[in-house]
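In: Would you be able to build a 3D model of this:
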Amino acid sequence: MKKYEEKKFAIPSLVGLSEKQIAEHLKLYAGYVKHVNLIAENVAELSLNEEKNAYLISELRRRFAFEFDGMRMHEYYFESFVGRKKEYDTSHALFFALKEQFGLFDNWLTHFKTVATSRGIGWAILAYDPQSGNLINHYLGDHELGHLAGLDIVIALDMWEHAYMVDYTPGEKKQYIEAFFSNLNWTLPEKRFRKTA
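Out: Okay, here's the model as predicted:
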């Protein structure tokens with residue numbers, strides 16, 4: 001299997017998210033990339049004697065989903081800050097689709113922020129269902145639990161404590177969510193939506 005490489009993100013200074021917070025979070029992302037490769041190597045090595053190592057291989061394959069989705073979800077997240085903050089484009093298809101489905105763009109945003117405050121660790125996701133044409137806000141537990149099959153991720157907001165604990169307490173999650181949207185480069189979700197819609 002081809003080795004995965006840690007992506008580099010040109011993230012500018014952010015409002016409400018410190019450089020220290022981002023630096024610590026990027027280290028965690030690097031750990032996911034490292035462990036994806038490590039698990040793949042271990043499975044390949046253990047597979048040389050598959051009968052003897054069947055249990056270990058099985059457990060590592062389960063762990064692979066956690067590490068892989070942790071890697072990929074963080075890539076979605078950090079890409080959201082690359083470049084600079086850019087407001088959403090009111091002439092873009094994503095804006096119209098959100099408005100059509102939720103009545104007003106602000107209705108979608110309020111709903112998404114409510115989803116993001118769900119209890120527990122995980123991710124707030126805006127995803128597009130190419131079969132129905134629906135945009136769906138949902139909460140994803142851990143990294144790998146609760147993915148809605150066949151949906152394309154448009155926005156991924158990390159709601160694990162590691163994403164904000166340098167700057168905010170758990171009781172200040174709402175401030176962190178506001179900080180995320182204060183720095184979001186909307187050209188990225190617009191581009192993701194354009195590719196899938």
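In: Which parts of this structure are helices?
Out: Per DSSP state H, the chain carries helices over the ranges 19-46, 54-79, 93-102, 105-116, 173-183, 187-196.
In: Check what pLDDT T196 gets.
Out: pLDDT, T196: 73.
In: A40 now?
Out: 96.
In: Run a quick neighbour tally on the residue nearest to it when sequence neighbours are not counted.
Out: Excluding its sequence neighbours, the residue lying closest to A40 (Cβ to Cβ, 6 or more residues apart in numbering) is M1, at 5.1 Å. Using the backbone N, CA and C atoms, a C-beta is placed for each residue, glycine as well. Neighbourhood size, M1 [other Cβ atoms under 10 Å]: 9.
In: what do you get for the one 4 residues further on?
Out: Other residues lying near E5 total 8 when counted by other Cβ under 10 Å.
In: Now do the contacts for the residue nearest to it when sequence neighbours are not counted.
Out: Spatially, and ignoring its direct neighbours in sequence, E5 is nearest to V33 (7.0 Å; Cβ to Cβ, 6+ apart). Contacts here follow Cβ atoms under 8 Å, 6 or more residues apart in numbering; on that basis V33 touches 4-6, 71.
In: Closest one to L48 out of the residues you listed, please.
Out: Lowest distance from L48 to the contacts of V33 (Cβ to Cβ) belongs to Y4, with 22.0 Å.
In: From L104, how far off is the closest one?
Out: 40 Å (Cβ to Cβ, to the nearest Å).
In: Who has more neighbours out of the two?
Out: More crowded of Y4 and L104, by other Cβ under 10 Å: Y4, with 16 against 10.
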